[in-house]
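S.K.: 3D model of this:
(chains A and B)
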Amino acid sequence: MPENIQLTLDGVSTSVAAGATGFELFQDKKVVAQRVNGELRDLAHKVADNDVVEAVAIDSADGLGILRHSTAHVLAQAVQKINPDARLGIGPPITDGFYYDFDVAEPFTPELMKTLEKEMDRIIRSGQRFVRRVVSDSEAAKELALEPNKLELISLKSSEHLAEGAAEVGSGELSIYDNVDPQSGEVVWKDLCRGPHLPNTRMIGNGFSLTRLAAAYWRGNEANKQLQRIYGTAWPSKEELKAHLERLEEAAKRDHRRLGAELDLFSFPEEIGSGLAVFHPKGGVIRRVMEDYSRAQHEAAGYDFVYSPHITKSNLFETSGHLAWYSEGMFPPMRLDEEVDADGVVRKAGQDYYLKPMNCPFHILIYKAQARSYRDLPLRMFEFGSVYRYEKSGVVHGLTRVRGMTQDDAHLFVTQEDMEAELTSVLNFVLNLLRDYGLTDFYLELSTRDPENEKFVGDDAIWEAATSTLAKVATDSGLELVPDPGGAAFYGPKISVQARDAIGRTWQMSTIQLDFNLPERFDIEYAASDGTKKRPVMIHRALFGSIERFFAVLTEHYAGHFPPWLAPVQVVGIPVADDFAPYLSGVIDQLKASGVRATIDLSDERMQKKIRNHTKDKVPFQLIAGGDDKDAGSVSFRYRDGSQVNGVKIDEAIKLILDAITNKEQV
RNA sequence: GCCGACCUGGCGCAAUUGGUAGCGCACCGCACUUGUAAUGCGGGGGUUAGGGGUUCAAGUCCCCUGGUCGGCCCCA
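M.R.: Numbering: from 1, shown residues only, chains lettered A, B, ... in the order given. Have a look, this model is predicted:
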């Protein structure tokens, strides 16, 4: 046996003693694991000749995952210490943290969280070692006889269907991690786990916190029992934990539900019902400006404006297939015109009317209103269409998940030959419009069909053509393209535009979706140049998704600091004293005459208080004028961030404001 | 829909072991007239989400309904 082996260690060829582990290879305390030939391993793992080994630091993406995974184990140990009857579910790391699921008789209480944190802290301080041990299926089954969920995972190990639980059993050999007390050498706890883990619990330190309690279905299936889930977060240091909590606070400040109330933009009166919003005057201004601009752009891009009612007889949604496929997402029908005699016998059958969950069938009927020729195509129908969806009570969420919403919905009818050109122009149209609203950081997702799955309708040739066209269009855009294989709807492939907001969160915005199903179901066609009848391709396209949702995204993106062109109040005048009100009113009147949403604050508050009020209202331009400005024929600007530009000549000030509005600048 | 928490004047919050509701902001009035984030004084406003129950007594305890929040499932 050779005394030394050759390694590639962090890219450098090195010779080390045979049987060396990561503990010998890495002196840096930040290294908590190693990547050996591409696989994450514990530091205790022995490297072999010719291995390629890299350090995994605790503050790397992999290192943070390991830290959080180990913290989840400590949580589970703490839970079982306090409640030995708690049975384990799964406990993986997630973005910024981890969770662990438990099967317990009584749900956890918020008070218990503090107790658990204390117990976790005790475990962490005791410096238990995480020791990996490979076991056979039968050994594991024997050792974990008291953990039925783990046994289920073991039995599923070889199955194709194991989505969740991969962190526990992985795909290869099974392993159990023993938590070993360093004083006594005793195994104090153990868990089925693929690993890797930190060398010991002490490395978790004090940068962890339990964050929330929730229920979760076992293996993510609604038909299964519900487990109690505890979420937590873990960071290499207390400071990083604090920074993380501050980021959450920043996100909470941007929450559109909070800003909607603070800025008096919209509300959800309980009297109306869950998920049904009303827009107040200030929110109404923003929404109207958003819509008006969208209309103007659509008009310039060759869209026709159409309108359709909110309700329809059931046969329309029978033809479209919505009632067969999505009826549980629709409001129940209204039965009209039914006549029943005294004995309850129906004398005259009624009609079921439904609130519409989608606009497309209506637009198809408009298409069908006349015989179409290839000369009519592409036909682009656009509507701000109000739709109603019966969202489950637990999922409604501010303006992002509602039961009544308005889609900026368009349906494009094109020949197959024109499909590529149309898709290219519609993608560019969508991206440019989103940029005008201030979102600039995008990536695309291409959802394609799973050839194995038979749910997809339409023949192979058109799927192939459409998918390659979408892929080409997406690639040509130069944006990052994320494939989503199997993610297509049954009726066609789609591109969705994902936008990153000011604090890096991504939102699914626009979708461009091909549909091979509805043209078939409604039997729409056009006369081709050779006189034959052909089926047009149909493209669904929503840009905002829904106006309500887009409104929410913009509110959070701007943190309520809407750029002047969208701001409900663009300019407020603040005279230093009443004597200067007439002078400043003259300026405000000029702005109003130019179409600017400007007011003057003539209340008898002190000017400092007025500045405070309008800063809190996030008015982009505060114009202040006193004796100095009056004498000089100028005004002074104060902006939302507290900065000021004093003594700006009136003409210049007006031009500056108008330019900012026209150019959609942020100030 | 499921699990848990919660719902007090427009908004944010208080109310000892159950003993018939307070504060700040906002609002209204009066005074003050001030150069870049809160002038002072006074006033009005709540059958504690709605309904039912326990109790001598319920904002506090129990049940039902509605709504909100955090998750799960879902999101055409």
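S.K.: Just the local confidence number for the closest residue to RNA strand B within chain A, please.
M.R.: Per Cβ to the nearest atom of the strand, A:G394 is where chain A lies closest to RNA strand B, at 2.0 Å. C-beta coordinates here come from the backbone N, C-alpha and C atoms, glycine included. For A:G394, the model assigns a pLDDT of 91.
S.K.: and it, helix, strand or coil?
M.R.: With DSSP: H, G, I helix; E, B strand; the rest coil as the basis, A:G394 sits in coil.
S.K.: hey, where'd the strands end up in the stretch 201-350 of chain A?
M.R.: Counting by DSSP state E, counting those that start in this stretch, one finds strands in the stretch 201-350 of chain A at the ranges A:208-217, A:226-234, A:266-267, A:278-279, A:304-305, A:311-313, A:334-336, A:339-340, A:346-348.
S.K.: Neighbouring strands - and their directions - for the longest one?
M.R.: Sheet neighbours of strand A:208-217, with direction, are listed as strand A:226-234 (antiparallel) (DSSP bridges).
S.K.: what's the offset of the partner strand from the middle of its chain?
M.R.: The chain centroid and the centroid of strand A:226-234 are separated by 21 Å, computed with Cα atoms, centre = their mean, to the nearest Å.
S.K.: give me every residue that touches A:T201.
M.R.: A:T201 is in contact with A:S70, A:V74, A:I123, A:I124, A:S126, A:G127, A:Q128, A:F130, A:N179, counting by Cβ atoms under 8 Å, 6 or more residues apart in numbering.
S.K.: what mean pLDDT does stretch A:30-43 have?
M.R.: The average pLDDT for stretch A:30-43 rounds to 93.
S.K.: For that stretch, list the C-alpha coordinates in PDB.
M.R.: This file holds the C-alpha atoms of stretch A:30-43, laid out as PDB (Å, rounded to 0.1, in the frame of the first residue of the first chain):
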ATOM      1  CA  LYS A  30     -14.600  27.900   7.400                       C
ATOM      2  CA  VAL A  31     -14.300  24.700   5.500                       C
ATOM      3  CA  VAL A  32     -17.200  22.400   6.600                       C
ATOM      4  CA  ALA A  33     -17.300  19.800   3.900                       C
ATOM      5  CA  GLN A  34     -15.500  18.800   0.700                       C
ATOM      6  CA  ARG A  35     -16.500  18.100  -2.800                       C
ATOM      7  CA  VAL A  36     -14.900  14.900  -4.000                       C
ATOM      8  CA  ASN A  37     -15.100  14.200  -7.700                       C
ATOM      9  CA  GLY A  38     -18.100  16.400  -7.900                       C
ATOM     10  CA  GLU A  39     -19.900  14.900  -4.900                       C
ATOM     11  CA  LEU A  40     -20.400  16.600  -1.600                       C
ATOM     12  CA  ARG A  41     -18.900  14.700   1.300                       C
ATOM     13  CA  ASP A  42     -18.300  15.000   5.000                       C
ATOM     14  CA  LEU A  43     -14.900  16.200   6.000                       C
END
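S.K.: Now the nearest residue to A:L602 once chain neighbours are set aside: which helix or strand?
M.R.: Residue nearest to A:L602 in three dimensions, not counting chain neighbours: A:A581, with 5.9 Å by Cβ to Cβ, 6 or more residues apart in numbering. Using DSSP states H and E, A:A581 maps to helix A:581-593.
S.K.: Equivalent analysis for A:S636, please.
M.R.: Assigned by DSSP H and E, A:S636 falls within strand A:634-638.
S.K.: Could you tell me which strands sit next to that strand in the sheet, and their orientation?
M.R.: Its sheet considered, strand A:634-638 pairs with strand A:621-625 (antiparallel), strand A:644-649 (antiparallel) by DSSP bridges.
S.K.: ranking these by burial, who's on top?
M.R.: Mean neighbours per residue, mean count of other Cβ atoms under 10 Å, is largest over these for strand A:621-625, with a mean of 25.
S.K.: now it: mean pLDDT?
M.R.: Mean per-residue pLDDT for strand A:621-625: 97.
S.K.: and that strand with helix A:581-593, angle?
M.R.: Put simply, strand A:621-625 runs at 150 degrees to helix A:581-593, going by axes from the mean of the first three to the mean of the last three Cα atoms, to 10 degrees.
S.K.: ok, residues contacting strand A:621-625?
M.R.: If you take Cβ under 8 Å, 6+ apart as the criterion, strand A:621-625 is touched by A:564, A:570-576, A:580, A:583-584, A:587-588, A:607, A:611, A:614-615, A:634-639, A:653, A:657, A:667.
S.K.: which of those count as buried?
M.R.: The neighbour count (16 or more other Cβ atoms under 10 Å) marks A:564, A:570-576, A:580, A:583-584, A:587-588, A:611, A:614, A:634-638, A:653, A:657, A:667 as buried among those.
S.K.: A:A234: neighbour count?
M.R.: For A:A234, the neighbour count with other Cβ atoms under 10 Å is 26.
S.K.: Need the pLDDT of it.
M.R.: pLDDT, A:A234: 95.
S.K.: Looks like it contacts A:F98 (just checking).
M.R.: Yes. Applying Cβ atoms under 8 Å as the test, A:A234 and A:F98 come out as touching, 6.6 Å apart.
S.K.: Give me the common contacts of those two.
M.R.: Listed contacts common to A:A234 and A:F98 are A:R68, A:T71; contacts here mean Cβ under 8 Å, 6+ apart.
S.K.: The contacts of strand A:621-625: which ones sit near RNA strand B?
M.R.: Among those, proximity to RNA strand B is found for A:V576, A:M607, A:I611, A:T615, A:S636, A:R638 (Cβ under 7 Å from any atom of the strand).
S.K.: Show the pLDDT at the last one.
M.R.: Model confidence at A:R638, given as pLDDT, is 97.
S.K.: Quick check: bridge partners of it?
M.R.: A:R638 has these beta-bridge partners by DSSP bridges: A:Q622, A:Q644.
S.K.: Would you check that it makes contact with A:I611?
M.R.: Yes. Taking Cβ under 8 Å as the definition, A:R638 is a contact partner of A:I611 at 6.3 Å.
S.K.: which residues are common contacts for those two?
M.R.: Residues touching both A:R638 and A:I611 by Cβ under 8 Å, 6+ apart: A:I574, A:Q622, A:I624.
S.K.: hang on, the first one is in a helix, isn't it?
M.R.: No. Counting by three-state DSSP, one finds A:I574 to be strand, located in no helix.
S.K.: Distance check, it against A:A581.
M.R.: Between A:I574 and A:A581 the computed distance is 10 Å (Cβ to Cβ, to the nearest Å).
S.K.: Give the intersection of the neighbour lists for those two.
M.R.: Overlap of the contact sets of A:I574 and A:A581 (by Cβ under 8 Å, 6+ apart) consists of A:I600.
S.K.: the strands in the stretch 351-500 of chain A, which residues?
M.R.: A:351-355, A:372-373, A:379-388, A:404-414, A:441-448, A:481-485, A:494-500.
S.K.: tell me the most buried of these?
M.R.: Of all these, strand A:404-414 carries the top mean neighbour count, a mean of 23, counting by mean count of other Cβ under 10 Å.
S.K.: And that strand, what does it pack against?
M.R.: Applying 3 or more Cβ pairs under 8 Å, 6 or more residues apart in numbering; DSSP states H and E, we find strand A:404-414 packed against helix A:281-300, helix A:360-367, strand A:379-388, helix A:419-436, strand A:537-542, helix A:547-558.
S.K.: quick one on the thing from earlier: would you mind giving the strands of the stretch 351-500 of chain A as TSV with mean pLDDT and distance to RNA strand B added?
M.R.: Converted to TSV, the strands of the stretch 351-500 of chain A look like this (pLDDT from 0 to 100; distance: least, Cβ to the nearest atom of the strand, whole Å):
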stretch	mean pLDDT	distance to RNA strand B
strand A:351-355	94	10
strand A:372-373	96	24
strand A:379-388	96	8
strand A:404-414	96	10
strand A:441-448	92	10
strand A:481-485	89	12
strand A:494-500	92	8
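S.K.: do you know which of those strands lies nearest A:K592?
M.R.: Closest approach to A:K592 among those (Cβ to Cβ): strand A:379-388, 27.9 Å.
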